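Participant: Sequence and predicted structure below; questions after.
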Amino acid sequence: MLRSWSNTAMALHYLHGVDERWEQIVETGTRLISELNQLEGLSISPVENGSNVYDLKVATGIDLEKLADFLNTNHQISLRPIETSGMLKFKVNETLLNRDIEELVLAWKAGINMAGQA
């Protein structure tokens, strides 16, 4: 316990304002998902009983591994591991508040175009 004081102090610091930040996350995440769902070849839908978790599916012909690598390498967007079904879990969290939504959408659009090329 004596060695955990720094973790406790950090947790208490970030606890202040968590409700307000979560409202912003929900609003921003909803907007991002709405805009990403307008991109051809991409579908994001809520997980049953989920809160910040969604299912992300890409159209046949888009290499999900290439897309994930492109987004990570070029835009510091990390995707969850790909499930055997070809889907992956898409989560929104507080880090979303540090990014510009338009930039994120453009990054995904570029990634989808690149990963769909033969």
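Facilitator: Nice, thanks for sending it over.
Participant: Please enumerate the helices of this protein.
Facilitator: For the chain, the helices defined by DSSP state H occupy 5-15, 18-36, 64-75, 101-115.
Participant: what comes up buried for the longest one?
Facilitator: What that stands for is helix 18-36. Of all the residues in helix 18-36, those buried under the rule 16 or more other Cβ atoms under 10 Å are 25, 28, 29, 32, 33, 36. Where C-beta positions appear, they are placed from N, C-alpha and C, glycine not excepted.
Participant: give the contact list for the first one.
Facilitator: By that I understand residue 25. Going by Cβ atoms under 8 Å, 6 or more residues apart in numbering, residue 25 touches 52, 92, 93, 94, 96, 97.
Participant: least trustworthy helix or strand in this structure by mean pLDDT?
Facilitator: helix 5-15 (a mean of 86; mean pLDDT, DSSP states H and E).
Participant: where does the chain have low pLDDT?
Facilitator: Filtered on pLDDT under 70, the chain yields the residue ranges 1-2, 117-118.
Participant: Residue 92 reaches residue 29, doesn't it?
Facilitator: Yes: assessed by Cβ atoms under 8 Å, residue 92 is found in contact with residue 29 at 3.5 Å.
Participant: Spatially nearest residue to residue 21, not counting backbone neighbours?
Facilitator: The shortest distance from residue 21 to any residue other than its chain neighbours is 5.9 Å, reached at residue 94 (Cβ to Cβ, 6 or more residues apart in numbering).
Participant: number of nearby residues for that neighbour?
Facilitator: Per other Cβ atoms under 10 Å, the neighbour tally for residue 94 reads 14.
Participant: Now the buried members of the contacts of residue 25.
Facilitator: 52, 92, 96.
Participant: Between residue 92 and residue 29, which contacts overlap?
Facilitator: The contact lists of residue 92 and residue 29 share residue 52, where a contact means Cβ under 8 Å, 6+ apart.
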